[in-house]
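A.B. asks: Please work out how this folds:
(chains A, B, C and D)
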There are 4 protein chains.
Amino acid sequence: MAEDPLSVGFLGYRFMGKAHANALARLPMFFPDAPAVERDVLVGTDEAALADATERLGFARYATDWRDVVDDVDVFYNLGPNFLHVDPTIAALSADTHVLCEKPLAPTLDGAGELRDAAAESDAVAACAFNYRFVPAIQYARDLIADGELGDIRQVRGSYLQDWLVDEDAPWSWRNDAELAGSGALGDLGAHTVDLADYLVGDRVGDVERVSGHLRTFVDERPVEGGDETKPVTVDDAYSAQVEYASGAMGTFEASRMTAGHKNDHSIAVHGTDGSLRFSLERLNELEVHTGDSRGYETVLVTDESDPYGDVWWPPGHVVGWEHTFVHENAAFLSQVAASERGDAAETDVPSFADAYDVQRVLDAVVASDERGEWIHLDE
Amino acid sequence: MAEDPLSVGFLGYRFMGKAHANALARLPMFFPDAPAVERDVLVGTDEAALADATERLGFARYATDWRDVVDDVDVFYNLGPNFLHVDPTIAALSADTHVLCEKPLAPTLDGAGELRDAAAESDAVAACAFNYRFVPAIQYARDLIADGELGDIRQVRGSYLQDWLVDEDAPWSWRNDAELAGSGALGDLGAHTVDLADYLVGDRVGDVERVSGHLRTFVDERPVEGGDETKPVTVDDAYSAQVEYASGAMGTFEASRMTAGHKNDHSIAVHGTDGSLRFSLERLNELEVHTGDSRGYETVLVTDESDPYGDVWWPPGHVVGWEHTFVHENAAFLSQVAASERGDAAETDVPSFADAYDVQRVLDAVVASDERGEWIHLDE
Amino acid sequence: MAEDPLSVGFLGYRFMGKAHANALARLPMFFPDAPAVERDVLVGTDEAALADATERLGFARYATDWRDVVDDVDVFYNLGPNFLHVDPTIAALSADTHVLCEKPLAPTLDGAGELRDAAAESDAVAACAFNYRFVPAIQYARDLIADGELGDIRQVRGSYLQDWLVDEDAPWSWRNDAELAGSGALGDLGAHTVDLADYLVGDRVGDVERVSGHLRTFVDERPVEGGDETKPVTVDDAYSAQVEYASGAMGTFEASRMTAGHKNDHSIAVHGTDGSLRFSLERLNELEVHTGDSRGYETVLVTDESDPYGDVWWPPGHVVGWEHTFVHENAAFLSQVAASERGDAAETDVPSFADAYDVQRVLDAVVASDERGEWIHLDE
Amino acid sequence: MAEDPLSVGFLGYRFMGKAHANALARLPMFFPDAPAVERDVLVGTDEAALADATERLGFARYATDWRDVVDDVDVFYNLGPNFLHVDPTIAALSADTHVLCEKPLAPTLDGAGELRDAAAESDAVAACAFNYRFVPAIQYARDLIADGELGDIRQVRGSYLQDWLVDEDAPWSWRNDAELAGSGALGDLGAHTVDLADYLVGDRVGDVERVSGHLRTFVDERPVEGGDETKPVTVDDAYSAQVEYASGAMGTFEASRMTAGHKNDHSIAVHGTDGSLRFSLERLNELEVHTGDSRGYETVLVTDESDPYGDVWWPPGHVVGWEHTFVHENAAFLSQVAASERGDAAETDVPSFADAYDVQRVLDAVVASDERGEWIHLDE
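C.D. replies: Numbering: from 1, shown residues only, chains lettered A, B, ... in the order given. Down below sits the predicted model:
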């Protein structure tokens, strides 16, 4: 890489900031062909925390206003809470600064539409961080499906179960507020499931055509940390959805933040005319596969050299973790950025804002269906 | 038991006939307090097959018209195809003959309503054969929930996955016909799930209040065995449903006869404020339990002497099979019959026709919801 | 079956008596070609318990001295404690009465040798009740191995874990006494493992050639039930063994009655040049199979119609239990008895006294190895 | 950290070199209190590969003779093949250079003894890289056992199953040669098991007192890559061992490189008077725990904030991978190095050369036992 390193700015330095900073730090050793990156500036409001994070995450400096940053860096990572997704991202894209934005794309479908349009008009690369596309077992599954190993796809079943709000005294956060987050389990967890389903089987079953949804808030208010107050919970604690794809395939999706005993259990199953497969995020190195030649499910440890990313990491059976999905995602995204800078066509596959908008349309239809008590056609 | 044995007649001698005949044959050794039974008469139409089954299943004789049987025996088992559930059962109940009827109660809600009313007017015992209530692990689960171990119940999730129709060349049968069967996966498999959910959590979440359903037929016609013809498939191959209970608890249910790799995989999960549990029929001796004291799920082998039916069978760890549910069911049903004959109150808990009608109301609402594209309130 | 039913006498009416009586009662419905049997006489010492069991298990009468029975019935089942295996069985065989004897064959190798010789000299059928050979998944595994699906066999690994003695206050029984039982976990549990290994791979790896063993008694005395006394434990609570087969294949075996959390966990794994398989008794309907075509293990539910005993019981996915192994075993044994009575060659495969003697030789060598602190060659 | 960074030299730059280099690169972000490190020099013989690795792994320079390095750096990592463990490590320790040496400590017990003595005489820190001690679930298990949750420990069972040599045409490597590697599966895999058993239960059961071992080479020669030659295999393909600890507790250990279907399946189970636990490396985020309060095993996902290293990485349920064990190990080792440099007592717990020598004594006894056909007492 004779080119100058790409300068990068992050909005957000907590969970997602740490995950992406770690990913960037690991690229040189494991993805030597990825472009060089300079962790330049971290954006936030709490200066003390920001200074600390800047050092910890290996950034050169920090800033307290994203307006000063979005056109000052080569690449802008929007890792802030959902309500901060739209404006800074549009500003960056308007300045032809490349953007990686966390999911869901925006708190509202309108916001997501603005972002999709801004991406279409910008010369910059715009990607939405659906990191579970980058699990090796998921890419292996996608290949099996694309190769026709499962035949025609008839059913997709996804659930995302967590338990961090099972206790009604768990504290309030922006994630419980409709203004700030858009929705609850639906946008936070369901967005992953809807995207993953599309990533796995979209080429075979087409778009989501209609949706029936159900949202539920089990705990109406929660205590504010460090005080006696409570604040209202205005988003869903759990959702479920029934889906029909263009091909007639069925989907059933659900998520909950209140399923005791489940920490981060994102499961997806696909059933076709010739086989089935199952995946669970808590055992993300494994894929369970049933094809025409088999009787039951075979548990495949997706760590062989010939597996996706199998030659990047360790010998067979030496498992990777959740964070590796971010390394893969950043390698793909930054390679696309570099190609764009060179004026080359993209060689990697990253989730676009158009993909993310399509996900949001489905989520929006789930909400509308819940409100109106009827199926919603996506082309309405 | 100084009393005369109860004479029993079966309508149906194939799968269900064999399952119940086996159950009756095992009662004396394992349930010595159950009433004595005489396997009297088997009803069917194919005389050769009938004669053979009569000998094999240990019956004294056979008959080709159920009208000759329903008031000639003490107890009538209606194990025929769904379209034969209503008339013979009503005839039996009118004659105050006790009835055990297979599920679903009837092909239509109207039929089920007639049966419920007939049961209410009869002095006989009328039970619907929801055998999965009699899995030891299910009764153990019910006790845990009743004891409050899971706290308030927020979510119930059930799926019933089979694969016997995954091949589009699998032959047509009465189970594929709306007239004869009522519905497909919904009535055959979903009935079990809806009943089991109610059995487990009904006392805590109340009745199903509203339902959103989705039905799908993937293969429109199937070959008739032994010929070149095909016949249309007029029932669902798969269904899904979203449910809201009176308490506000959510339910998500689905079933398919086309999920490759699954033979008889009836799974149910319950999530409450204090814990969760999971069950799968293919590992029916096990219950996975998460309570307030635990971090993950504990796999409990429900075979201890103190477990439901644990003192009836074998030492701990010596697992029972699917058929044992029929033995338990028959022991409970016949004890209730005996109590009724003596004029005593029932001491055992068996699924009533009113229970089965309630299940059918839910199934009917799923169909109506699918047709109308909207949520259906059960009290409509 | 025009022939007279075979009259049967049981020595023992508790756990094993119940298991075999149940098996006999189920034969007519499920194995119509098996010979008819008359449950004639039950032998024991406690008359009250005996009278009760006689009625419960469906026997015609009882007797308190086996000497009166062994030549008075067609078939003698020796289901008594180990120390009662030798004399009654020899008496029966001397009278050309067919015998099914529970395992291990005798408390000592000498006793087992006498029984093997008595069987060789008798015209009667003599079988040892290694019931785990009759698990459908085990027979399926044996077929896979015989068909060469795993290639040459290199390793066999077996463990049998129970927990009923984990508590040092669990009461003393004859199973804790060397005189009465011969050995502890070794004879009770290890006998099953050694036999099963031989049944699965013996044709490919040959006989056990040498053995290194380790026995351990963790609790030296136990309370006698209903009193203040204790009695010494003179058998092993746990054993382990290393084994070399004639082919050079390795075996590792172990059992314990003190592994908390395991009720009846008999597991066996086989590894060959082309594949592997695993089985666990607590999930006895399943076999995990890895062959050349697969990457991981496939979980096969061995309940298809084409599977061993798959056409006898229920449709695919409707699982059987532990007790079914006894039904299969009795069907095979009694068919061999009937063939013998007709002067025909045996058509079924049942574990012979010679097989059981060979198992006992291995167990005996484990004890000798433990005592002498060195490997024991079986041909010493 | 105002101190100068510690300069580090690695002997070896392939699998282990990459694992440790990655670990060092990740310390600043996740272990800010760990001392700063400068990746100074990489030692090897193939200059082209070395130059490439130097850049990739982020080292400043390379060298082709370890003699030039061992006293030129602050810390020396011996990550070379086993036959290179002794001399460079002794040279480093003689120069009071801190050493982390891969396992097994040496190809022979004599070599291991020399290293242990050199470490005792040196002022430097000497640690052996038993990385599996640093799996969070293993540390959680160790804490449970130390807290008495399992009571007195009676049995330890460990197996390490791989399949990379199951094919007899898999190429020869130094790992197949007794001179270069010392032993095969025993030293490579068994060393981990013996150390892990000691780490988990050593404080409760004491030292290994006697051992009975079994080694086996299934494939006697293997092709040399890139030629027509073969070379002899002079190490074991598989081993098994029976062990008795000072307390009387039993151990059973085994490993194989030929168990088809297993990639890196290191499993360990511990059984005590009050409970049991199980661990498998292929699902390294999970620990299965059975204690007095539970009936079966509970699957604990060891990723909570209060778990070992739980506050270092990601929120609950966001799993880590195999490589994280190296990060933890390096953090502990380097902190001890820093303490030593400051003249402080060690605050972290790392596997010492004395520990590694003790492991080697057990492995050596396994070999001796196999050769002599008898149990070997460790104090012989």
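
A.B. asks: packing partners for the helix or strand hosting residue A:299?
C.D. replies: In the assignment (DSSP states H and E), residue A:299 maps to strand A:297-301. Judged by 3 or more Cβ pairs under 8 Å, 6 or more residues apart in numbering or on different chains; DSSP states H and E, the packing partners of strand A:297-301 are strand A:276-280, strand A:286-290, strand C:297-301. Where you see a C-beta, it was placed from the backbone N, CA and C, and this is true even at glycine.

A.B. asks: Give the buried residues for that strand.
C.D. replies: Within strand A:297-301, the residues scored as buried using 16 or more other Cβ atoms under 10 Å in any protein chain shown are A:297-301.

A.B. asks: ok so, going back, quick one: the helices and strands packed on strand A:297-301 as CSV, columns for mean pLDDT too.
C.D. replies: Shown next, in CSV, are those (pLDDT from 0 to 100):
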stretch, mean pLDDT
strand A:276-280, 98
strand A:286-290, 98
strand C:297-301, 98
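
A.B. asks: could you redo these as a markdown table and give each row distance to residue C:217?
C.D. replies: Converted to a markdown table, the helices and strands packed on strand A:297-301 look like this (distance: least, Cβ to Cβ, whole Å):
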| stretch | distance to residue C:217 |
| --- | --- |
| strand A:276-280 | 43 |
| strand A:286-290 | 41 |
| strand C:297-301 | 36 |
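
A.B. asks: With residue C:4 as the reference, name the closest of these.
C.D. replies: Residue C:4 sits nearest to strand C:297-301 of all the helices and strands packed on strand A:297-301, at 40.4 Å, using Cβ to Cβ.

A.B. asks: What angle do strand C:276-280 and the closest one make with each other?
C.D. replies: With axes from the mean of the first three to the mean of the last three Cα atoms, to 10 degrees defining the directions, strand C:297-301 sits at 50 degrees from strand C:276-280.

A.B. asks: okay, the following helix or strand past strand C:297-301 in CSV with CA atoms only?
C.D. replies: Tracing the chain past strand C:297-301, the next element assigned as helix or strand by DSSP H and E is helix C:324-342. Listed next in CSV are the C-alpha coordinates belonging to helix C:324-342 (Å, rounded to 0.1, in the frame of the first residue of the first chain):
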residue,chain,number,x,y,z
HIS,C,324,-38.2,-51.5,24.0
THR,C,325,-34.8,-53.1,24.1
PHE,C,326,-36.2,-55.9,26.2
VAL,C,327,-39.1,-56.4,23.8
HIS,C,328,-36.6,-56.8,20.9
GLU,C,329,-34.4,-59.0,23.0
ASN,C,330,-37.2,-61.3,24.0
ALA,C,331,-38.5,-61.6,20.5
ALA,C,332,-35.1,-62.7,19.3
PHE,C,333,-34.5,-65.0,22.1
LEU,C,334,-37.9,-66.7,22.0
SER,C,335,-37.7,-67.1,18.2
GLN,C,336,-34.4,-68.9,18.7
VAL,C,337,-36.1,-71.1,21.3
ALA,C,338,-38.9,-71.9,19.0
ALA,C,339,-36.4,-72.7,16.2
SER,C,340,-34.6,-75.0,18.5
GLU,C,341,-37.8,-76.7,19.6
ARG,C,342,-38.6,-77.3,15.9
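
A.B. asks: buried set for the helix or strand following helix C:324-342?
C.D. replies: Following helix C:324-342 in sequence order, the next helix or strand is helix C:353-372 (DSSP H and E). Within helix C:353-372, the residues scored as buried using 16+ other Cβ under 10 Å are C:353, C:355-370.
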